[in-house]
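Participant: I would like the atomic coordinates for the input below:
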Amino acid sequence: MTSTAPPKSGAREAHPEHLGHVIFIAAAAAMGGFLFGYDSAVINGAVEAIRSRYDIGSAALAQVIAIALIGCAIGAATAGRIADRIGRIRCMQISAVMFTVSAVGSALPFSLYDLAFWRVIGGFAIGMASVIGPAYIAEVAPAAYRGRLGSFQQAAIVIGIAISQLVNWGILNAADGDQRGQVLGLEAWQVMLGVMVVPAVLYGLLSFAIPESPRFLISVGRDERAREVLKEVEGDKIDLDVRVAEIDHAMKSEHKSTFKDLLGGTFFFKPIVWVGIGLSVFQQFVGINVAFYYSSTLWQSVGVDPTDSFLYSFTTSIINIIGTVIAMIFVDRIGRKPLALIGSVGMVIGLGLEAWAFSFDLVDGKLPATQGWVALIAAHVFVLFFALSWGVVVWVFLGEMFPNRIRAAALGVAASAQWIANWAITASFPSLADWNLSATYVIYTIFAALSIPFVLRYVKETKGKTLEEMG
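Facilitator: Numbers count the residues shown, from 1 in each chain. Predicted structure coming up:
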């Protein structure tokens, strides 16, 4: 029996009467992204202190830094199923609790091993937030605003990175420039990790102030509440009954999202799932998180004073925010795919120049003046082009590109792949940098270059489409 599609509700042209309220909802959900960015980058201020306190080498240090990403992968892989069972809001609240526990545990570790354990817990929370934020925002945002509201996730991530580095810089100054100096009765690096309690608690409180996703509400039979939320976020000029029927039809035309639904095609997963995995892997294999996990250590390795290295890390974060704002302005105007291509070209240039600069030998522990300036400027160029493109559009794509029936599970797999790729880059960088820093950046440049034909061939534009039109 052939199912007939319901009449159009006008959702494509929906404009909420109180856009500020919809912005608040998206911003509250994106608070998970803030914690994602904060927790990911805050370790930057503690790297050398952890190396000193526990007397470990580069390989062991890399595993402590990167082990959180294993938790991220697990959290991302399971978040979709959890959200489908108990709701998006409950998933956010679980994530907030885990962020809080991780912050307290990381600030008060008994040994290197329990520090690693608390970082895994925080990673699990980050992984959940990385899936739930974009999925929830995509589900509550009107189609006309979805790109800009979806980019809130990345905006929150980069603000979290910047704030963490600013906090680290302030704590470091309070400790007279010594990561192991005393602040509030603890070593400075412990305070850096513990401050995350504040945004974690705020995230939990904000989750009580926003509505559940209308798609989840319809999936559990709460159609009346779904109508109220749809009126709240899409306005009352759409036909709410038809809009509910649209969503219900899209969800019931095919069964609920499970991992099994992702299987098929030539290579295990369906082609669209591989495209999502490809976007996630390319986003990480350009080496963006090296700029945030190891930036202070990187600048110190080429002769920059420790306090100045934190300042350079912070300026990189400001560039990151500027690039993200540019993406938010243009993502719904010129589309996701053109931004990705522009960003790839810019990243190739920035990474190539960094590889060239780092190929020169140090003189008195520093790069030659010209190469030093090229390295500094190129690092900022790389971050700018990443931020105005892949940093935003990958999360927007992942929230939009999958058909309703597989969205949650596919997003979980794609985000999990992103964390595994992130782990591979993060865990390998210290050893690769010890081997050959210039060659390491050549590798990142190659991946940035390969992302161009990948986008041209496999990625389809999602600008302006409702989620129900994705398959």
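Participant: From the contact counts, what lies against the strand or helix carrying G399?
Facilitator: Element membership for G399 (DSSP states H and E) is helix 390-400. With contacts defined as 3 or more C-beta pairs under 8 Å, 6 or more residues apart in numbering; DSSP states H and E, helix 390-400 has these neighbours: helix 112-140, helix 146-150, helix 152-174, helix 271-285, helix 306-330, helix 336-357, helix 407-458. Placement of C-beta: from N, CA and C, glycine included.
Participant: Name the residues of that helix that are buried.
Facilitator: Judged by neighbour count using 16 or more other C-beta atoms under 10 Å, the buried positions of helix 390-400 are W390, G391, V392, V393, V394, W395, V396, F397, L398, G399, E400.
Participant: The first one and L341: what is the separation?
Facilitator: Computed with C-beta to C-beta, to the nearest Å, the distance linking W390 and L341 is 10 Å.
Participant: repeat for the last one
Facilitator: Relative to L341, E400 is positioned 18 Å away (criterion: C-beta to C-beta).
Participant: do the second one as well
Facilitator: Remark: distance between G391 and L341 (C-beta to C-beta) = 14 Å.
Participant: ditto for the fifth one
Facilitator: Taking C-beta to C-beta as the criterion, V394 is separated from L341 by 13 Å.
Participant: What of A96?
Facilitator: 37 Å.
Participant: And R51, by the same measure?
Facilitator: 39 Å.
Participant: do V244 as well
Facilitator: Taking C-beta to C-beta, one finds V244 at 38 Å from L341.
Participant: neighbour count winner among these two?
Facilitator: V244 (20 against 16; other C-beta atoms under 10 Å).
Participant: State whether that one and D223 are indeed in contact, as I suppose.
Facilitator: Yes - contact criterion C-beta atoms under 8 Å: V244 and D223 qualify, at 5.6 Å.
Participant: need the buried residues of helix 390-400 in JSON lines with pLDDT and distance to V348, can you?
Facilitator: Formatted as JSON lines, these follow (pLDDT from 0 to 100; distance: C-beta to C-beta, whole Å):
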{"residue": "W390", "pLDDT": "92", "distance to V348": "12"}
{"residue": "G391", "pLDDT": "86", "distance to V348": "16"}
{"residue": "V392", "pLDDT": "85", "distance to V348": "18"}
{"residue": "V393", "pLDDT": "88", "distance to V348": "17"}
{"residue": "V394", "pLDDT": "89", "distance to V348": "17"}
{"residue": "W395", "pLDDT": "78", "distance to V348": "22"}
{"residue": "V396", "pLDDT": "82", "distance to V348": "22"}
{"residue": "F397", "pLDDT": "85", "distance to V348": "20"}
{"residue": "L398", "pLDDT": "84", "distance to V348": "23"}
{"residue": "G399", "pLDDT": "75", "distance to V348": "26"}
{"residue": "E400", "pLDDT": "80", "distance to V348": "26"}
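Participant: What pLDDT is listed against L341?
Facilitator: Here the pLDDT value assigned to L341 is 95.
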